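Asker: dropping a prediction and its sequence here:
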Amino acid sequence: MEKIKLLIERVKGAEDIPIPDYMTKGSSGMDLVACIDDVTEINPGEFRLIPTGIKIELPEGYEAQIRPRSGLALKHGVTILNSPGTIDSDYRGEIKVILINFGKSKFIIHRGDRIAQMVISRVWKADRIEVAVLNKTLRGDGGFGHTGINSLAKSKRREL
Ligand SMILES: O=c1ccn([C@H]2C[C@H](O)[C@@H](COP(=O)(O)OP(=O)(O)OP(=O)(O)O)O2)c(=O)[nH]1
Ligand SMILES: [Mg+2]
């Protein structure tokens, strides 16, 4: 498998924080952990910025996406407010995660808890070309569910 080099720097005081790693051979994401003093909590309906203790340097043409962990979402209703968070290749600050608690109970986070996962992805840059009119398509400006929800109701879609 083709690999890129991801440079990782721990912030001061994060010497005990593990370097992000893939949990299994086929994992898409490396888990990120909470680099907080001891313990913190997020009340139901609230969100909080959680530091991870690491900074990264990506090659140009790549980004890191900060995605939720499904286990936290399913068990606790905890996810990432701005999911997927975008880490730009020129960002040199600490990676932080905006966790939000949609659950009914307080969510308690301990230092070192795995709170998110980071997926490296290629980025395409676009040359922007302004035109008077775009090419026409069958869909046109139909969107936001205009094809319906029921897979059995095909007759309506055939008309489109
Ligand atoms: O979940 C996130 C999202 C972003 N960032 C950092 C890395 C990213 O490169 C930078 C800017 O993020 P973004 O572009 O999403 O935020 P913005 O509100 O547009 O801020 P900026 O004006 O700094 O680009 O903040 C994080 O640490 N965690
Ligand atoms: Mg931005």
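Answerer: Sure, I can see it. Ligands and ions are numbered 1, 2, ... in the order given.

Asker: those helices in this structure, which residues are they?
Answerer: For the chain, applying DSSP state H gives helices covering 70-76, 154-159.

Asker: pick out the shakiest of the ones you listed, pLDDT-wise.
Answerer: Lowest mean pLDDT of these: helix 154-159, a mean of 57.

Asker: from the chain, which residue is nearest to ligand 1?
Answerer: Nearest residue of the chain to ligand 1, counting by C-beta to the nearest ligand atom: residue 85, 2.3 Å away. The C-beta positions use only the backbone N, C-alpha and C, and glycine is treated the same way.

Asker: what residues are up against the nearest residue to that residue once chain neighbours are set aside?
Answerer: Leaving aside its chain neighbours, residue 85 sits nearest to residue 66 (3.4 Å; criterion: C-beta to C-beta, 6 or more residues apart in numbering). Residue 66 sits next to 32, 80, 83-87, 95, 97, 116-118 when contact means C-beta atoms under 8 Å, 6 or more residues apart in numbering.

Asker: same check, this time on residue 88
Answerer: Here residue 88 is in contact with residue 63 (C-beta under 8 Å, 6+ apart).

Asker: ok, now how distant is it from residue 56?
Answerer: For residue 88, the distance to residue 56 (C-beta to C-beta, to the nearest Å) stands at 10 Å.

Asker: kindly report the same for residue 21.
Answerer: When distance is defined by C-beta to C-beta, residue 21 is 13 Å away from residue 56.

Asker: and the two? which has more neighbours close in?
Answerer: Shown here are residue 21 and residue 56; by other C-beta atoms under 10 Å, residue 56 has more neighbours (21 against 8).

Asker: right, and the more buried one touches residue 8 too?
Answerer: Yes: with contact defined as C-beta atoms under 8 Å, residue 56 reaches residue 8; the gap is 5.5 Å.

Asker: can you check which strand is longest in this protein?
Answerer: Identified as the longest strand of the chain according to DSSP state E is strand 114-122.

Asker: that strand pairs with which strands?
Answerer: Strand pairing for strand 114-122, determined by DSSP bridges: strand 30-33 (antiparallel), strand 62-67 (antiparallel).

Asker: show me what from the chain comes close to ligand 1.
Answerer: By C-beta under 6 Å from any ligand atom, the residues of the chain that approach ligand 1 are 66, 82, 85-88, 91, 95-98.
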